[in-house]
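Visitor: Quick one, structure for this:
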Amino acid sequence: MTDVEAERVEGLLVDLADGILRVTIARPDRMNALDIDSMRALGDLLEGRARERDVRVVVLAGEGGAFCTGADLIAASSGPGTDPRVVMDTANRVIRAILTLPSPVLARVDGAAAGVGASLALAADLTYAAPSAYFLLAFVNVGLMPDGGSSLLVPAAVGRARAAEMALLGERLGAVDAHAAGLITRVLPPDDLAAHVDAVAATLAAGPRRAIELTKRSLTAATLDRVEEALVRETEGQVELLGSADFREGAAAMLARRRPRFGS
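Guide: A predicted model of the protein is given here:
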């Protein structure tokens with residue numbers, strides 16, 4: 001890919017200019033929910049192209065008024081069955097890639113960041129949002145537990161009490177409150193959001209590469225040093241829950257737009 005090319009790969013729109021690799025989740029008909037193929041493509045990109053020498057910053061965004069609403073339950077329910085451990089390993093690979101990428105990752109959140117979509121946004125080094133954006137650990141609403149590292153990412157930023165409220169009650173946290181709680185970097189007017197993120201990305205792209213790499217590494221180690229433990233716990237718990245009757249009921253209820261009737 002050159003500085004004047006762009007490509008669409010498995011629901012992702014990818015372009016590179018001036019050292020800034022922009023990755024847009026482009027599945028607006030599903031509010032940018034990720035199926036297994038698009039999640040795998042995102043992992044490939046972050047482990048491959050994003051680590052090449054001409055990339056100095058990565059910007060993650062969503063197309064069409066949402067950032068990412070998590071796993072695509074419609075795709076999961078209508079397609080062939082996928083091993084839950086493969087699903088978890090694929091999602092964990094993306095989170096690890098963001099956290100270990102030498103270059104800084106910026107998230108531009110306009111609208112919903114839910115489920116693993118919230119994890120993607122919060123794993124970024126700098127997260128900017130429009131006032132309409134919100135962050136939702138929606139897992140409990142379908143009989144699951146937080147994953148994508150969010151069982152660590154959220155309490156590391158806002159503390160145990162606020163994290164428990166988000167995770168156990170499955171209630172959304174609006175962008176203004178998320179900023180006040182220390183969960184995200186800044187809230188900007190909708191008309192200013194993209195320009196501000198582009199300006200920050202340009203500043204980082206022009207900055208001292210090695211100093212920025214080492215600073216990111218140090219901050220991640222200081223605040224998220226137990227992320228691997230969290231991913232292992234989440235994987236074991238989620239593999240169990242993905243096979244449960246409560247998850248089947250929660251997913252069916254969400255697709256039917258009704259309240260779930262959990263039995264266990």
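
Visitor: Convert the one helix or strand A156 maps to to CSV, retaining C-alpha atoms only.
Guide: Per DSSP states H and E, A156 falls inside helix 150-158. Taking Å, rounded to 0.1, in the frame of the first residue of the first chain, the C-alpha atoms of helix 150-158 are listed here in CSV:
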residue,chain,number,x,y,z
SER,A,150,-12.0,-5.0,29.5
SER,A,151,-12.1,-6.7,32.9
LEU,A,152,-8.7,-5.0,33.4
LEU,A,153,-8.8,-2.0,31.0
VAL,A,154,-11.9,-0.5,32.7
PRO,A,155,-11.0,-0.8,36.4
ALA,A,156,-7.4,0.3,35.6
ALA,A,157,-8.9,3.6,34.4
VAL,A,158,-12.0,4.2,36.6
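
Visitor: what comes into contact with that helix?
Guide: Helix 150-158 has contacts (Cβ atoms under 8 Å, 6 or more residues apart in numbering) with 116, 118-119, 122-123, 137, 145-146, 162-163, 166-167, 181-183, 223-224, 226-227, 230, 233-234. Any C-beta I mention is one placed from the backbone N, CA and C, and that applies to glycine too.

Visitor: what's the spacing between the helix or strand following that helix and its chain's center?
Guide: Following helix 150-158 in sequence order, the next helix or strand is helix 160-169 (DSSP H and E). Taking Cα atoms, centre = their mean, to the nearest Å, one finds helix 160-169 lying 18 Å from the centre of the chain it belongs to.

Visitor: Can you give the distance of the next helix or strand after helix 160-169 from its chain's centre?
Guide: Going down the chain from helix 160-169, the next helix or strand is strand 173-174, by DSSP H and E. Computed by Cα atoms, centre = their mean, the separation of strand 173-174 from the middle of its chain amounts to 15 Å.

Visitor: any chance you could map the strands in the stretch 51-200 of the chain?
Guide: For the stretch 51-200 of the chain, the strands defined by DSSP state E, counting those that start in this stretch occupy 57-62, 105-109, 112-114, 126-129, 134-136, 173-174, 186-187.

Visitor: Centre-most residue in the chain?
Guide: What sits nearest the mean C-alpha location of the chain, by Cα atoms, centre = their mean, is L120, with 1.4 Å.

Visitor: how close does that one sit to S103?
Guide: Using Cβ to Cβ, to the nearest Å, one gets 16 Å for the distance from L120 to S103.

Visitor: What count of nearby residues applies to E165?
Guide: A count of neighbours around E165, defined by other Cβ atoms under 10 Å, yields 14.

Visitor: Spatially nearest residue to it, not counting backbone neighbours?
Guide: Leaving aside its chain neighbours, E165 sits nearest to E171 (7.0 Å; criterion: Cβ to Cβ, 6 or more residues apart in numbering).

Visitor: number of nearby residues for that neighbour?
Guide: Neighbour number of E171 under other Cβ under 10 Å is 14.

Visitor: cool, and E47?
Guide: Neighbour number of E47 under other Cβ under 10 Å is 15.

Visitor: Now for the closest residue to it other than its chain neighbours: which residues touch it?
Guide: Of all residues not flanking E47 in the chain, A97 sits nearest, at 5.1 Å (Cβ to Cβ, 6+ apart). The contact partners of A97, by Cβ under 8 Å, 6+ apart, come to 43, 46-47, 50.
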